[in-house]
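[1] Take this sequence and fold it.
(one chain, ligands or ions: 2)
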Amino acid sequence: MTDAITVAQAQEYDHYTMEEVGIPSLVLMERAALACYRDILTGPFDLSRILVVAGSGNNGGDGVAVARLLRIHGLNVRLMLVGQPDHATEQTKQQLKIAAHYQTPMTTETADIEHATLVVDGIFGVGLSRPVEGHYATIIHQINEVDAPVFAIDVPSGINADTGDVLGVALTARMTTTMGYRKIGFETTSGRQHVGQLHVADIGVYAPSPLIPSK
Ligand SMILES: NC(=O)C1=CN([C@@H]2O[C@H](COP(=O)(O)OP(=O)(O)OC[C@H]3O[C@@H](n4cnc5c(N)ncnc54)[C@H](O)[C@@H]3O)[C@@H](O)[C@H]2O)[C@@H](O)CC1
Ligand SMILES: [K+]
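    Ligands and ions are numbered 1, 2, ... in the order given. This is a model prediction of the structure:
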């Protein structure tokens, strides 16, 4: 089994793939979203009422793309943004435009958290860099309180992917689909407990290696 990697390595490999290899960020994002969409459809989930919760970073972008894919598939999905849309990354803004094209229903109602049969977590991924507070913490607590299982995109939000530690508050996922490689923090007791069933998605991001000339 290939080695687990750190957050820094994940970010380095992403950067290398986009800048050296030349695969655009949105292509990687689309591949990440398709992998999550496939794992959601084939997973042990009740897909009657899906709530996708998205932050303003690229983890959120993955989430917005997953919501759009589920919508096109004809499922009852709603998208809840927890970040500031105007602070969103360029990729996430583009994903919001595409989701709007397909009339992906949006919600701000916390009642939709209670009514969900599945919550898809696109709040934070490997970009989590400080304890979760404020509105983000409130939403994570509300999701943890309901029965609906959580599907986490890349990293269960609130978990430090290098240590598995909870940064303030974190979601406990039934399943996590992480991009490219397992993360070292997922192998700790806390990491395993929050990640649930782990899938690793090949999205075209690989460590620079002698087999693949980097220059
Ligand atoms: N780089 C790429 O093109 C790809 C990235 N991918 C996705 O992008 C994610 C990484 O995206 P980002 O680097 O944008 O970061 P995240 O989307 O993980 O985090 C969002 C932003 O939240 C802020 N933040 C950190 N800790 C916070 C806290 N405690 N409270 C409030 N805000 C906080 C940071 O500014 C961070 O940029 C990966 O986990 C993965 O899901 C994948 O789509 C693969 C391709
Ligand atoms: K996440």
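[2] Kindly list the longest helix within the chain.
    helix 25-42 (DSSP state H).
[3] Please name the residues that touch the most centrally placed residue in the chain.
    Centroid-nearest residue in the chain, with Cα atoms, centre = their mean: Ile153, separated by 2.4 Å. Ile153 makes contact with 32, 36, 59, 62-63, 66, 120-122, 125, 176-177 under the criterion Cβ atoms under 8 Å, 6 or more residues apart in numbering. The C-beta positions use only the backbone N, C-alpha and C, and glycine is treated the same way.
[4] can you check Gly191 too?
    Counting by Cβ under 8 Å, 6+ apart, Gly191 has contacts 159, 161, 163-164, 183, 185.
[5] can you pull out the strands in the protein?
    Using DSSP state E, the strands assigned to the chain run over residues 50-54, 77-81, 118-122, 150-153, 175-179, 197-201.
[6] Dump the contacts of Ile153 to JSON lines, plus pLDDT, neighbour count and distance to ligand 2.
    Converted to JSON lines, the contacts of Ile153 look like this (pLDDT from 0 to 100; neighbours: other Cβ atoms under 10 Å; distance: Cβ to the ion, whole Å):
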{"residue": "Ala32", "pLDDT": "98", "neighbour count": "28", "distance to ligand 2": "11"}
{"residue": "Cys36", "pLDDT": "99", "neighbour count": "30", "distance to ligand 2": "10"}
{"residue": "Asn59", "pLDDT": "98", "neighbour count": "28", "distance to ligand 2": "5"}
{"residue": "Asp62", "pLDDT": "98", "neighbour count": "32", "distance to ligand 2": "8"}
{"residue": "Gly63", "pLDDT": "98", "neighbour count": "32", "distance to ligand 2": "8"}
{"residue": "Val66", "pLDDT": "99", "neighbour count": "30", "distance to ligand 2": "11"}
{"residue": "Val120", "pLDDT": "99", "neighbour count": "28", "distance to ligand 2": "9"}
{"residue": "Asp121", "pLDDT": "99", "neighbour count": "28", "distance to ligand 2": "4"}
{"residue": "Gly122", "pLDDT": "98", "neighbour count": "34", "distance to ligand 2": "6"}
{"residue": "Gly125", "pLDDT": "98", "neighbour count": "29", "distance to ligand 2": "5"}
{"residue": "Thr176", "pLDDT": "99", "neighbour count": "28", "distance to ligand 2": "8"}
{"residue": "Thr177", "pLDDT": "99", "neighbour count": "24", "distance to ligand 2": "10"}
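[7] Return only those of those residues found close to ligand 1.
    Among those, the residues that sit close to ligand 1 (Cβ under 6 Å from any ligand atom) are 32, 59, 62, 125.
[8] can I assume Asp202 is in contact with Gly180?
    Yes: using Cβ atoms under 8 Å, Asp202 is in contact with Gly180, at 7.2 Å.
[9] Do a quick rundown of the helices in this protein.
    Counting by DSSP H, the helices of the chain are 7-16, 25-42, 58-72, 90-101, 111-115, 134-145, 189-195.
[10] Could you look over these and pick the most buried one?
    Mean neighbour count (mean count of other Cβ atoms under 10 Å) peaks for helix 58-72 among the helices of the chain, with a mean of 27.
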